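J.: Fold the following and give me the result.
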Amino acid sequence: MKSSNIKRSNREIILVTLGLGIVLLLFNLYVPTLKNDDLGYIHRANTMGYWGATVDHYHSWSSRLVIEFFVMFFAKNFLLWQFINTIVMLGTIIIIYKFVFGSLEPKKLLLTAALYFLMPLMIMNEAGWIATTLNYSWPTLAALLAFYPFYQTIKKKKASPYILIFSTVLLVFAANQEQINLCFFVLTLIVSVYIKTTTKHYPIQLLPLSLISFAELFFSITTPGNLIRFNKEVIRWFPGYEHFSIVNKIDLGISSFGKPFFFDTNILFGALFALIAIAGYQNTKNYYLRLISLTPLSLNLLIFLGKTMKPSFLNTGSQQNMIWDSNGIDKLFSRTGTDLSLLHPGTWLATLTILSLLLFLCISLFTSFTNKHEAIFAIVLILMAFGSRLILGFSPTVWASGLRTYYLVFVVAIILVLMLWKQEIRKLNSSQIQLVTASTTVIGILTLIVTVLNN
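T.: Model (predicted):
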């Protein structure tokens with residue numbers, strides 16, 4: 001009987017994985033088209049050749065030599081990209097699931113896929129499908145896979161030589177993207193310190209991964225093309241940026257994180273805030289900590305409802321009695337951040353609100369998890385997501401790059417939602433678990449369908 005159940009479960013996993021693969025393949029065959037930067041890379045490859053175009057960009061534009069080589073290649077082989085991007089999307093879903101749950105279970109895999117579909121997938125089209133995916137979603141998956149040996153070490157397992165070699169190769173690609181590489185370097189540095197302090201032994205086989213990450217960070221800093229591009233981007237996208245102080249740049253980075261995360265409506269972030277509110281409320285009896293855990297969700301709902309409000313015919317155009325109206329919040333933010341000035345305390349409000357909400361979020365994550373090691377790791381992840389946006393304040397393309405640079409934050413949100421869900425399902429019976437997972441799965445699938453229909 002037990003053997004029969006295992007076979008049935010394995011068959012179900014294969015069918016679910018195959019079904020997800022087919023859905024994602026249809027998405028990649030139907031939705032993406034060659035446009036924007038993709039066409040530019042085809043032209044470069046045709047006129048200068050792969051090597052010539054790569055060398056030229058090193059001296060005049062970018063340190064992403066590995067990534068841009070593959071962008072040119074796949075721009076000329078679009079059908080091949082469609083199949084590999086399907087594997088990347090499916091691989092991202094599976095590796096996220098693997099990090100949180102371990103062994104595969106069909107229903108939880110579908111839940112993970114549903115949360116993935118709640119991301120605005122069309123952000124991968126902002127600069128062209130190939131250019132955007134190879135600069136953001138592909139390096140993110142490669143970094144997640146490169147992190148796997150560290151994950152195995154934390155779980156007191158030894159990574160095989162094949163996994164180490166595979167991770168090393170993938171990291172060469174992932175670390176070529178500065179934002180992802182910096183996050184990888186800081187995260188693995190923290191994890192390495194944790195491993196060393198808890199086991200009194202640091203596996204030497206992990207060292208090459210850290211060295212590759214550091215070497216590519218140094219390479220990106222010293223590449224002449226990055227400075228030339230920076231100056232060009234200032235003129236094109238952000239005149240006056242060069243006159244920004246350090247404080248203004250930090251404020252710009254804080255705004256680029258906080259505005260979409262706390263003040264815009266997103267169902268994925270809403271789900272995270274809801275789970276934090278529930279878990280935080282249940283796992284502490286301190287009244288004030290409960291207030292803190294309820295704050296992000298309450299604000300999110302208030303802003304959502306506030307944006308649906310409009311004056312009634314009795315209101316004679318006045319909005320003073322519309323106390324929940326949140327449309328004016330957008331005016332606190334602009335392409336220059338919040339225009340924070342140390343000499344004018346009134347300009348501090350938006351920035352201090354974001355930092356306060358981030359602090360509340362960290363406190364709530366700590367109280368939400370019964371396992372405090374998981375709580376600390378969750379806090380590290382959210383701070384890493386914050387840091388990935390903070391560093392963009394030092395780039396003149398912080399807004400011009402669109403929401404695609406937010407991809408890493410979405411991935412972190414999915415991981416945190418699943419971590420909290422993994423803990424909370426222990427308190428539910430089987431019918432309650434199925435209701436929540438089935439509802440979320442249906443919403444995720446419908447979101448994907450609507451995404452396709454809208455495009």
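J.: got the contact list for residue 370?
T.: The contact partners of residue 370, taken as C-beta atoms under 8 Å, 6 or more residues apart in numbering, are 283, 423. All C-beta atoms are positioned from the backbone trio N, CA, C, and that covers glycine.
J.: and it, what element?
T.: For residue 370, there is no helix or strand it lies in under DSSP states H and E.
J.: Roughly how far does it sit from residue 116?
T.: Applying C-beta to C-beta, to the nearest Å, the value for residue 370 to residue 116 is 26 Å.
J.: what's the answer for residue 416, then?
T.: 14 Å.
J.: now residue 359
T.: According to C-beta to C-beta, residue 359 and residue 116 sit 28 Å apart.
J.: And the most centrally placed residue in the chain, which helix or strand is it part of?
T.: Centroid-nearest residue in the chain: residue 408, 2.1 Å away (criterion: C-alpha atoms, centre = their mean). Residue 408 belongs to helix 407-424 when assigned by DSSP H and E.
J.: Dump the C-alpha coordinates for that helix into CSV.
T.: Presented in CSV, the C-alpha positions along helix 407-424 are these (Å, rounded to 0.1, in the frame of the first residue of the first chain):
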residue,chain,number,x,y,z
TYR,A,407,12.2,41.2,-10.0
LEU,A,408,14.4,40.2,-7.1
VAL,A,409,12.0,41.7,-4.6
PHE,A,410,9.1,39.7,-6.0
VAL,A,411,11.1,36.5,-5.7
VAL,A,412,12.0,37.3,-2.1
ALA,A,413,8.3,38.0,-1.4
ILE,A,414,7.3,34.6,-2.8
ILE,A,415,9.9,32.9,-0.6
LEU,A,416,8.7,34.7,2.5
VAL,A,417,5.0,33.9,1.7
LEU,A,418,5.9,30.2,1.3
MET,A,419,8.0,30.2,4.5
LEU,A,420,5.1,31.7,6.5
TRP,A,421,2.6,29.4,4.9
LYS,A,422,4.7,26.3,5.7
GLN,A,423,4.6,27.3,9.4
GLU,A,424,0.9,28.3,9.5
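J.: tell me what it is packed against?
T.: When contacts are defined as 3 or more C-beta pairs under 8 Å, 6 or more residues apart in numbering; DSSP states H and E, helix 407-424 packs onto helix 78-101, helix 106-117, helix 137-146, helix 178-199, helix 267-282, helix 349-368, helix 372-390.
J.: So which residues make contact with the third one?
T.: Spelled out, it's helix 137-146. Residues outside helix 137-146 that contact it (C-beta under 8 Å, 6+ apart): 67, 85, 88-89, 91-92, 95-96, 99, 124, 166-168, 170-171, 173-177, 180-181, 183-184, 209, 407-408, 411.
J.: are any of those buried, and which?
T.: Taking 16 or more other C-beta atoms under 10 Å as the criterion, what is buried in the contacts of helix 137-146 is 67, 85, 88-89, 91-92, 95-96, 124, 166-168, 170-171, 173-177, 180-181, 183-184, 209, 407-408, 411.
J.: Please work out how many residues are found near the closest residue in space to residue 329 that isn't next to it in sequence.
T.: Nearest residue to residue 329 in three dimensions, chain neighbours excluded: residue 263, at 5.6 Å (C-beta to C-beta, 6 or more residues apart in numbering). Neighbours of residue 263 under the rule other C-beta atoms under 10 Å: 20.
J.: so how far is residue 199 from residue 263?
T.: Separation of residue 263 from residue 199 (C-beta to C-beta): 42 Å.
J.: Ok, residue 176 next?
T.: Using C-beta to C-beta, residue 176 is found at 31 Å from residue 199.
J.: same question, residue 425
T.: 30 Å.
J.: More neighbours: which of the two?
T.: residue 425 (15 against 12).
J.: Could you tell me what pLDDT the model assigned to the more buried one?
T.: At residue 425, the model reports a pLDDT of 87.
J.: show me the contacts for it.
T.: Contacts of residue 425 (C-beta under 8 Å, 6+ apart): residue 433.
J.: if you set the cut-off to 10 Å instead, what comes out?
T.: 108, 432-433, 436-437 (C-beta atoms under 10 Å, 6 or more residues apart in numbering).
J.: ok, which pair from the residues you listed is furthest apart?
T.: The distance between the two most remote of the contacts of residue 425 (C-beta to C-beta) is 15.1 Å, for 108 and 432.
J.: higher neighbour count, those two?
T.: residue 108 (21 against 11).
J.: Can you read off the pLDDT for the more buried one?
T.: Looking at residue 108, its pLDDT stands at 92.
J.: wait, isn't it in contact with residue 436?
T.: No. Residue 108 is beyond contact range of residue 436, at 11.6 Å (criterion: C-beta atoms under 10 Å).
J.: who touches both of those two?
T.: 421, 425.
J.: Show me the shaky parts of this protein.
T.: Where the chain drops to pLDDT under 70, the residues are 1-9, 309-328, 330, 334-347.
J.: Try it again at 50.
T.: Counting by pLDDT under 50, the chain contains low-confidence ranges at 313-314, 316.
J.: Using CSV, list the CA coordinates for stretch 171-182.
T.: Taking Å, rounded to 0.1, in the frame of the first residue of the first chain, the C-alpha atoms of stretch 171-182 are listed here in CSV:
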residue,chain,number,x,y,z
LEU,A,171,27.6,31.9,-10.8
VAL,A,172,29.9,33.2,-13.6
PHE,A,173,26.7,34.1,-15.5
ALA,A,174,24.7,35.3,-12.5
ALA,A,175,27.5,37.4,-11.0
ASN,A,176,27.8,39.3,-14.3
GLN,A,177,24.7,41.2,-13.2
GLU,A,178,25.8,43.8,-10.6
GLN,A,179,22.6,44.1,-8.6
ILE,A,180,22.2,40.3,-8.2
ASN,A,181,25.9,39.7,-7.6
LEU,A,182,26.0,42.2,-4.8
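J.: follow-up on the earlier one: pick the most deeply packed of the helices and strands packed on helix 407-424.
T.: Highest mean neighbour count of these: helix 137-146, a mean of 24 (counted as mean count of other C-beta atoms under 10 Å).
J.: If you count contacts, what does the helix or strand containing residue 67 end up packed against?
T.: In this structure, residue 67 sits in helix 65-75 according to DSSP H and E. In terms of contacts (3 or more C-beta pairs under 10 Å, 6 or more residues apart in numbering; DSSP states H and E), helix 65-75 is packed against helix 37-60, helix 78-101, helix 129-135, helix 137-146, helix 161-174.
J.: Mind giving me the packing neighbours of the shortest one?
T.: To tie it back to what came earlier, the one meant is helix 129-135. Applying 3+ C-beta pairs under 10 Å, 6+ apart, one finds that helix 129-135 contacts helix 37-60, helix 65-75, helix 78-101, helix 137-146, helix 407-424.
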